[in-house]
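Visitor: Quick one, what's the 3D model for this:
(one chain, ligands or ions: 1)
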Amino acid sequence: MAVFKLDNVEDLYEIGDVLGSGHFGQVREVRERLTGTLWAGKFLKLQRSVGSRFGLERKSVEQEVEILQSLQHQNVMALKDVFESRAEVVLIVELIRGGELFDFIAEKENLMESEAIDFLKQILQGVCYMHSKQIGHFDLKPENIMLLVKHAPSPDIKIIDFGMAHRFIQGVEYRSMGGTPQYIAPEIINFEPLSTAADMWLSGLSPFQGETDEETLKNIVAMSYVFEPHYFSQTSSMAKDFIQKLLTKDQRERMTAEDCLIHPWIKPL
Ligand SMILES: Cc1ccc2c(c1)c1c3c(c(C)cc1n2CCCN)C(=O)NC3=O
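Guide: Prediction:
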């Protein structure tokens, strides 16, 4: 069993404002007392009793930490320290101030395909790196793609939140039902053995969005989507080819992150 630092996190870090919260718990800005450096603290509530509906199993937190400790890449959120008390574990991670990529794009009048390609290249480089270590993220969605700083000439992308991540072991099957309905791959809905290909079922604007989660899931399994002219009329055929090769139902046929990085839309000849 992994043992994290038992010091009181507040002895080393001044706890600041809440930056966000979600299934994982809360993220707060923290200031390292020794250096004055700002970090983000991810406060994860642990289950008080086995099987409790509230809080996370310690085992799943240990898995997230073990995965983060094995990832060092400029497009993946960095883990600095881990503290634990009786009821919670605190991950001290890189502070990412640029906000979510989704909001950055939404705030722009229009996004040039060249800008989209720059962002996509960084995401693919981060995903390619984690897949090369047999690690799948399993919750890649716009909310988990952030910008290190907002107003940089070419903003750095950071992939965050490895709470659903899994390290594959040769010959050991892995199935999961987790994820966010409009972004999960058909093999997850069908509870089939998974691979890192599930991360490649990328879609920012989900073309499968239904009125309800149930309808969305049916759309995904039925592969019923169209490139709505309202959103895709200005999208190049190369870009649509790229999207279609990702939204491939058979995970064995779907482009890998490596394939994507050499696709003509991303890497013109
Ligand atoms: C300035 C700011 C605002 C919201 C933040 C973060 C930073 C943030 C951060 C992280 C996570 C997992 C979630 C975060 N959230 C929650 C929302 C993420 N989709 C993180 O790992 N570093 C962050 O700075």
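
Visitor: In the protein, which residue sits closest to the ligand?
Guide: G20 (2.2 Å; CB to the nearest ligand atom). All C-beta atoms are positioned from the backbone trio N, CA, C, and that covers glycine.

Visitor: Stretch 69-82 and the ligand in contact?
Guide: Yes. Residues of stretch 69-82 contacting the ligand under CB under 6 Å from any ligand atom: M77.

Visitor: distance between the ends of that stretch?
Guide: End-to-end distance for stretch 69-82, by CA to CA, to the nearest Å: 10 Å.

Visitor: list the buried ones in that stretch?
Guide: For stretch 69-82, a neighbour-count test (16 or more other CB atoms under 10 Å) marks L71, H73, N75, V76, M77, L79, D81, V82 as buried.

Visitor: which residues touch that stretch?
Guide: 4-5, 39, 65, 68, 89-94, 96, 122-123, 125-126, 129-130, 133, 135, 146, 156-162, 167 (CB atoms under 8 Å, 6 or more residues apart in numbering).

Visitor: mind checking how far the residue lying closest to Q251 once chain neighbours are set aside is from C260?
Guide: Spatial nearest neighbour of Q251, excluding adjacent residues (CB to CB, 6 or more residues apart in numbering): A197 at 3.9 Å. The gap separating A197 from C260 is 12 Å, by CB to CB, to the nearest Å.

Visitor: do F43 as well
Guide: 35 Å.

Visitor: So for those two, which residue has more residues nearby?
Guide: C260 (24 against 19; other CB atoms under 10 Å).

Visitor: For the closest residue in space to that one that isn't next to it in sequence, give me its contacts.
Guide: Counting by CB to CB, 6+ apart, C260 lies nearest to L124, which is 5.0 Å off, once chain neighbours are set aside. The contact partners of L124, by CB under 8 Å, 6+ apart, come to A257, C260, L261, I266.

Visitor: L124: helix or strand, and which one exactly?
Guide: helix 113-132 (DSSP states H and E).

Visitor: How about that helix, which residues are buried there?
Guide: 117, 119-131.

Visitor: Stretch 161-169 too?
Guide: D161, F162, G163, M164, A165, H166, F168.

Visitor: my guess is the second one meets H137, correct?
Guide: The one in question is F162. Yes. Counting by CB atoms under 8 Å, F162 touches H137, with 6.5 Å between them.

Visitor: quick one on the thing from earlier: same list, the contacts of stretch 69-82, but only the ones touching the ligand.
Guide: Contacts with the ligand within these, counted by CB under 6 Å from any ligand atom: V93, E94, I96, I160, D161.

Visitor: The third one: neighbouring residues, count only.
Guide: It stands for I96. By other CB under 10 Å, 21 other residues sit near I96.
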